[in-house]
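# Here's my sequence, what's the structure:
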Amino acid sequence: MCLLNCGPTGAECVKNLVLGGIASFTLVDDAVVEARDLGNNFFVTSADLGRGRAEAVAAHLNELNASVAGAFVDERPEEVIATNPAFFADFTVVIAAQMPARALVALDAACRERNVALVVLHSRGLAGFVRLSLASHRVVEAKPEETDHDLRLTAPWPELEAFAASFDLDAADDALFRHVPWAALLLRALAAKKKDKAAAADGTSGSKVLEVMKTREEQRAFKASLLATRRRGDEENFAEAAANARHAWKPPAPPLPPGLRAALADLERAGGDPAAMCRGGSGAEGLESGAVAVAGGGSSVAPARGRSAAKKEAEEAKFWHLLAGLRGFLDASGGALPLEGSVPDMTSTTESFVALQKIYRAKADLDAARVAALANASARRGAETAAAAAAAATPEGLVSEEEARFFCKHAAHVRVMRWRTLAEERDWDAGAREETAKALAAEDTRRCASLYVIHRAADAFFEEAGRFPGAGAFSSREGAGAGAGAGAGGDKDPSSPSSDAARLKALVDGALAELGVPPGLDAMDDLVAECARGGGGGMHAVAAVVGGVGSQEVIKLVTGQFVPVAKTLVYDAAEGTTACV
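Model prediction:
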């Protein structure tokens, strides 16, 4: 990964990643360590005064984990962006800390062109901001906080039906009766209900799948009939069956989750062709969103490099072929997802529970094998038109059954995220205007949304004056913002918090007018005054939180686990709250 600017926010972020064991990092910064850095940056010491900040921070970070390769570049980040954007091509992630808006827009364009993830961090006074930007990101292992097992009791397959039928409750002794798995109890109760319904219909066999119970009355009657078969009334397995009775009326093919449905819709808009999703590097160029070497020789070490673009493209191709395989599976199954295959804990004998686990795993393996076959068929079709993917021609194909099993296990939570560009956000385009106005109107997000608008106005102030509100003309880059003095106005007049606050308030009112929001929002004047009083400087306590959140987001992007933040995360340290705007 690459870090631009080595102040406290960026240093805290990289520290967490180094401790976590990333492969390598490269720091880009031309600032020197000043006395004020000692008060908010734990990765410089008094011995580093006058030393290049990138060199000093890199040396201290290298001490944390000897297995991580560290490098530094004594170059101004804005100059690297402007003169050599190809520098960022081989990094997996670029982290930009305390960068001005104009440079960030150019950096975003350079990173997107090269399919590199960008993480933007700012800490100003008692507020912090985290923003991700990349064309698309594929989430497979979302790890939701709450999930429910998929047991398919309303659409059992023969092996599962035979398992349930193997328990003779009438002949079972009390010990076995108390240890019949609740899944089997529900299946037997469903089978009895189906038999009664068939008998009431003049002995016709009826459909294989029992009509799902939809009314509360039906569901209560089912639970009552189940509990009526108890012997003593205190059997724990029957209590578990009643508590999990929802599985007896779950539809076998419930509506697909929104994230998966949007990803499949993206594939459909590309004509169902996974190869089309991979062309151009963005993964879905031109489609609607589903949601979302340095010149000059200033480096003592060559920049560290990340994964090759070819590897990232291969992973992307595999994902879209797997999604095509999943779409084919859904078409054949009537909309039912591949079985996930896990079984919840339940009161049971060891033998019965293991047997039940094997039945579910075997069915999940069969479903995954089908998805793998469909994915590899998709890859072979793509190879015919796109000049021979070697992996698709191997006996195991592009997608192995193990990879398909992993994909199917998490299929319900698969999604493709996309972010608007920083240029679009700067111009309030691509939904930014409506979403920000909505956040300002909602009571629970108004304060954080106000901080975001002030943050944007402070960037506009910088473009006019060459410094952030309240920052003196000769304050350090971390206090005045990276690139101080390079703004359009080049304002060198002494400033005061009160005069800058009035100037900033005018910019805030202008932004609110663009958003169609009337001025005079709660606490807006106080927040504007606080921003000007802070002078664009960052407190270490805030920087540590922002850096910590930023490092978590980097890990999400690199591992494909969990769901990254889709908008700008605003941290209000004064209130101890966050909101996405």
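# which residues in the stretch 151-300 of the chain form helices?
All helices of the stretch 151-300 of the chain, identified by DSSP state H, counting those that start in this stretch, fall at 158-165, 174-177, 182-200, 216-227, 236-243, 258-269, 274-278.
# for these, which one ends up most surrounded?
helix 274-278 (a mean of 23; mean count of other CB atoms under 10 Å). Quick note: C-beta positions are derived from backbone N, CA and C, even for glycine.
# who does it touch, helix- and strand-wise?
Judged by 3 or more CB pairs under 8 Å, 6 or more residues apart in numbering; DSSP states H and E, helix 274-278 is in contact with helix 258-269, helix 309-333, helix 350-385.
# Of these, which is nearest Gly431?
helix 258-269 (14.9 Å; CB to CB).
# Any figure for the gap between the residue nearest to Gly50 when sequence neighbours are not counted and Val508?
Leaving aside its sequence neighbours, Gly50 sits nearest to Val32 (CB to CB, 6 or more residues apart in numbering; 5.9 Å). Applying CB to CB, to the nearest Å, the value for Val32 to Val508 is 34 Å.
# Those two: which has the busier surroundings?
Val508 (25 against 18; other CB atoms under 10 Å).
# Check whether the more buried one sits in a helix, strand or coil.
Following DSSP: H, G, I helix; E, B strand; the rest coil, the label given to Val508 is helix.
# Can you give me the neighbour number for the nearest residue in space to it that is not next to it in sequence?
Excluding its sequence neighbours, the residue lying closest to Val508 (CB to CB, 6+ apart) is Ala457, at 4.5 Å. When neighbours are counted by other CB under 10 Å, Ala457 registers 23.
# Same question for Ile359.
19.
# With Val33 instead?
25.
# so who does it touch?
By CB atoms under 8 Å, 6 or more residues apart in numbering, the residues touching Val33 are Val44, Asp48, Leu49, Gly50, Arg51, Gly52, Arg53, Ala56.
# For Gln98, state which of those is nearest.
Arg53 (12.1 Å).
# Let me see the ranges of the strands in this protein.
Remark: strands assigned in the chain by DSSP state E are 2-4, 24-28, 69-73, 93-97, 117-124, 127-133, 137-139, 415-417, 569-572, 577-580.
# if we can go back for a sec, out of the helices and strands packed on helix 274-278, flag the one nearest Val416.
helix 258-269 (4.6 Å).
# What average pLDDT does that closest one get?
On average, the pLDDT along helix 258-269 is 93.
# Reformat the strands of the chain as JSON lines; add mean pLDDT.
Below are the strands of the chain laid out as JSON lines (pLDDT from 0 to 100):
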{"stretch": "strand 2-4", "mean pLDDT": "98"}
{"stretch": "strand 24-28", "mean pLDDT": "97"}
{"stretch": "strand 69-73", "mean pLDDT": "96"}
{"stretch": "strand 93-97", "mean pLDDT": "98"}
{"stretch": "strand 117-124", "mean pLDDT": "96"}
{"stretch": "strand 127-133", "mean pLDDT": "97"}
{"stretch": "strand 137-139", "mean pLDDT": "94"}
{"stretch": "strand 415-417", "mean pLDDT": "95"}
{"stretch": "strand 569-572", "mean pLDDT": "98"}
{"stretch": "strand 577-580", "mean pLDDT": "97"}
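# can you count the residues close to Pro564?
For Pro564, using other CB under 10 Å, the count is 23.
# how much space is there between it and Trp428?
In this view, Pro564 and Trp428 are 23 Å apart by CB to CB.
# Show the pLDDT at the residue nearest to Val508.
In this prediction, Ala457 carries a pLDDT score of 95.
# How much space separates it from Glu464?
On the measure of CB to CB, Ala457 and Glu464 end up 11 Å apart.
# circling back to that earlier point, go through the strands of the chain and pick out the most buried.
strand 2-4 (a mean of 30).
# So which elements touch that strand?
On a contact count with 3+ CB pairs under 8 Å, 6+ apart, strand 2-4 meets helix 8-20, strand 24-28, strand 93-97.
# Throw those into TSV and include distance to Ser551, thanks.
Compiled in TSV, the helices and strands packed on strand 2-4 are given as follows (distance: least, CB to CB, whole Å):
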stretch	distance to Ser551
helix 8-20	4
strand 24-28	12
strand 93-97	9
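# can you pull the contacts of the residue lying closest to Leu4 once chain neighbours are set aside?
Take Leu4 and drop its neighbours on the chain: the residue closest to it by CB to CB, 6+ apart is Pro77, 4.0 Å away. Neighbouring residues of Pro77 by CB under 8 Å, 6+ apart: Leu4, Asn5, Val28, Asp29, Asp30, Ala96, Met99, Ala103, Ala482, Gly483.
# just Met539 next, same as before
Asn40, Ser123, Gly125, Leu126, Ala573.
# Now do the phi/psi pair for it.
For Met539, the backbone dihedrals (degrees, to the nearest 10) come out as phi -90, psi 140.
# about what we covered before: in TSV, list the strands of the chain along with distance to Arg36.
Listed next are the strands of the chain as TSV, based on distance: least, CB to CB, whole Å:
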stretch	distance to Arg36
strand 2-4	20
strand 24-28	19
strand 69-73	21
strand 93-97	16
strand 117-124	15
strand 127-133	19
strand 137-139	37
strand 415-417	38
strand 569-572	23
strand 577-580	28
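# Compare those and give me the one nearest Arg405.
strand 137-139 (17.5 Å).
# chain center to the closest one: distance?
7 Å (CA atoms, centre = their mean, to the nearest Å).
# what stretches of this protein score poorly on pLDDT?
Residues of the chain that meet the criterion pLDDT under 70 lie in 198-211, 278-309, 383-396, 472-497.
# Swap in 50 and give it another go.
205-209, 280-307, 385-389, 392-393, 395, 473-476, 479-490, 492 (pLDDT under 50).
# how does it divide up, domain by domain?
Annotated domains of the chain cover 2-134+420-580, 158-248, 258-417 [automatic domain parsing].
# just these: most buried one?
domain 2-134+420-580 (a mean of 20).
# Would you mind measuring the gap between the ends of that domain?
25 Å (CA to CA, to the nearest Å).
# chain center to that domain, what's the gap?
That offset, for domain 2-134+420-580, works out to 20 Å (CA atoms, centre = their mean).
# check contacts around Leu61.
Per CB under 8 Å, 6+ apart, neighbours of Leu61: Ala11, Val14, Lys15, Val18, Phe25, Leu27, Phe43, Val68, Gly70.
# Could you single out the nearest of these to Asp365?
For the contacts of Leu61, the nearest to Asp365 is Val68 (38.4 Å; CB to CB).
# Phi and psi next, for the closest one.
Here Val68 shows phi and psi, under degrees, to the nearest 10, equal to phi -100, psi 130.
# Skipping its backbone neighbours, what lies nearest it in space?
For Val68, the closest residue by CB to CB, 6+ apart turns out to be Val18, at 5.1 Å.
# and the one you found, how far is that from Gln561?
19 Å.
# Show me the contact partners of stretch 557-564.
22, 92-93, 117, 119, 132, 134, 137-143, 415, 417, 553, 555-556.
# again with stretch 540-547
7-16, 39-42, 121-123, 125-130, 571, 573.
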